[in-house]
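*Asks:* with the input below, show me the fold.
(one chain, ligands or ions: 1)
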Amino acid sequence: MRSGYYSSVDSFLRYARQKQNDIIALIRDFVECESPSDHPPSVNRFVDLMAERVQDIARVRTYPGGTFGKHLRCEFTLPGGRKNGQILALGHSDTVWMLGTLSAMPFKEGRGRLWGPGVLDMKAGMAFFIFAMRALRDLDVAVARKVVLQVNSDEEVGSESSRALTEDAARQSAAVLVLEPGTGIEGKLKTARKGVGNYTLVVHGRASHAGVDFSNGANAIVEMSRQLEKIAGFTRLDRGITVSPGVIHGGTRSNVVAAECRAEIDIRAPRARDREYLDRKFGSLKPFDKRCTLKLSGGLNRPPMERSAGVRKLYGIASKLAAEMGVAIEESATGGGSDGNFTAALGVPTLDGLGAVGEGAHAPNESILINRIADRTALLAKLVGAL
Ligand SMILES: [Zn+2]
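*Replies:* Predicted coordinates:
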């Protein structure tokens, strides 16, 4: 490395620092436009706001989101003539926060952080990316590939309506950059994510009077209890596979032998081949009480993002670019899923957790660190410039 290399501040970092107030203003506008997954008109309002804020630097189009809000695609106009392949950045417009949350949890700046619903997951990450694209334009850095930002409206609820769009875009891309928050207060990048899914088990028994006709009843709750003990035993912590019953409903009244019981079970697994194990285990369930029947549905709905050679290479590039700014980044594996799971499963090198650094996603202390805004924005610009 050239001597004295660190003595001059990286030009992208300098740019992002100069623009920090503008970045914060954009984050504020994004957070103050609430967009819960289950309220399409609000999500659409957010999408319109974002489209308006990039229209001077991107070609924008939207796609219908079915029962959700619309999905947004921004193709940026960047310096550099010949466009060789594509880089896909992934964001999501929806948040887990109900409409009206802002009145109790308003956007604010304090204690070195920005606070508010959705600020970390993931409105700041998208604001960073927009300013990263402005940096490439304003610094006139030639970009070899087409750069597309896709913003899905249903990520927090499983990405059912956006999945095909994400996969189509990923197939045309050399790399995928996911703007989800980093891990922990250090903002570690995410190079592996578990596959995520859920099963629903319904037990049908036979109702009867708990006092007069007890023996004629087949208790669905008792049957479910025995099944759940077995199901919880499918967890293999040494292999990172977890099986966690999360919701249970059953019965009507205490003096009626329960005819029906329903349970929802969360499953997480780090490797694609774990699907077979889970399918086999769940497929082997049989009623203990022969008068009961079991109905099982579901499975993994997000495949695992595995730490492939392509992912490792991408992480290596990011880590070198961060070091140029004097920033040491680390990588992490997480049990949570994102749209990066879909793209990585197609074999497209995917780097996740490139968004904001903070804590409290989905929680009342949701916040991002102001002193990590500039280096994250600069890293995104440098990555897009380097790929
Ligand atoms: Zn998210």
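
*Asks:* can you pull out the strands in the stretch 51-200 of the chain?
*Replies:* Counting by DSSP state E, counting those that start in this stretch, the stretch 51-200 of the chain has strands at residues 58-63, 71-76, 86-92, 108-110, 113-115, 146-152, 175-178, 189-193, 195-204.

*Asks:* so which of those is the most packed in?
*Replies:* Ranked by average neighbour count under the criterion mean count of other C-beta atoms under 10 Å, those are headed by strand 175-178 at a mean of 27. For glycine as for every other residue, the C-beta is placed from the backbone atoms N, C-alpha and C.

*Asks:* give me the neighbour count for the closest residue to L88 other than its chain neighbours.
*Replies:* Spatially, and ignoring its direct neighbours in sequence, L88 is nearest to S173 (4.1 Å; C-beta to C-beta, 6 or more residues apart in numbering). By other C-beta atoms under 10 Å, 25 other residues sit near S173.

*Asks:* just the one 10 residues further on next, same as before
*Replies:* As a burial measure, T183 scores 19 neighbours (other C-beta under 10 Å).

*Asks:* from here on, count from 56
*Replies:* Understood, numbering begins at 56; the last thing we discussed is T238.

*Asks:* I'd say it and L409 touch.
*Replies:* No: using C-beta atoms under 8 Å, T238 is not in contact with L409, being 11.4 Å away.

*Asks:* now do the shared contacts for the two.
*Replies:* Taking C-beta atoms under 8 Å, 6 or more residues apart in numbering as the criterion, T238 and L409 both touch L244.

*Asks:* is it true that the residue nearest to L143 touches A144?
*Replies:* No: using C-beta under 8 Å as the test, S228 is too far from A144 to be in contact (9.6 Å).

*Asks:* identify the contacts common to those two.
*Replies:* Residues touching both S228 and A144 (C-beta under 8 Å, 6+ apart): V203.

*Asks:* contact partners for V277?
*Replies:* 313, 344.

*Asks:* which element follows the strand or helix carrying it toward the C-terminus?
*Replies:* Element membership for V277, per DSSP states H and E: helix 275-287. The element immediately downstream of helix 275-287 (helix or strand, assigned by DSSP H and E) is strand 297-305.

*Asks:* and the angle for that following strand with helix 275-287?
*Replies:* Relative orientation of strand 297-305 and helix 275-287, computed by axes from the mean of the first three to the mean of the last three C-alpha atoms, to 10 degrees: 170 degrees.

*Asks:* buried sites along strand 297-305?
*Replies:* Buried residues in strand 297-305, counting neighbours by 16 or more other C-beta atoms under 10 Å, are found at 297-298, 300, 305.

*Asks:* out of those residues, which is nearest to G371?
*Replies:* The closest of the buried residues of strand 297-305 to G371 turns out to be T297 (C-beta to C-beta; 29.6 Å).

*Asks:* I'd like to know how far the closest one sits from L232.
*Replies:* Look at T297 and L232: by C-beta to C-beta, to the nearest Å, they are 28 Å apart.

*Asks:* tell me the secondary structure for the spatially most central residue of the chain?
*Replies:* Closest residue to the average C-alpha location of the chain: S393 at 2.9 Å, with C-alpha atoms, centre = their mean. Look at S393: counting by DSSP: H, G, I helix; E, B strand; the rest coil, its state is coil.

*Asks:* kindly report the same for C316.
*Replies:* C316 falls in the strand class when you classify it by three-state DSSP.

*Asks:* with the one 5 residues further on instead?
*Replies:* Secondary structure, three-state DSSP: D321 is strand.

*Asks:* that one contacts I296, doesn't it?
*Replies:* No: judged on C-beta under 8 Å, D321 makes no contact with I296 at a distance of 11.6 Å.

*Asks:* quick one: which of these two has more around it?
*Replies:* Per other C-beta under 10 Å, whichever of D321 and I296 has more neighbours is I296, with 20 against 15.

*Asks:* which residues does the more buried one contact?
*Replies:* I296 makes contact with 289-290, 322-325, 329, 332-333 under the criterion C-beta under 8 Å, 6+ apart.

*Asks:* what's the closest of those to the ion?
*Replies:* Each of the contacts of I296 was checked against the ion using C-beta to the ion; the closest is R323, at 16.5 Å.

*Asks:* state the number of residues packed around the closest one.
*Replies:* R323 has 25 nearby residues by other C-beta under 10 Å.
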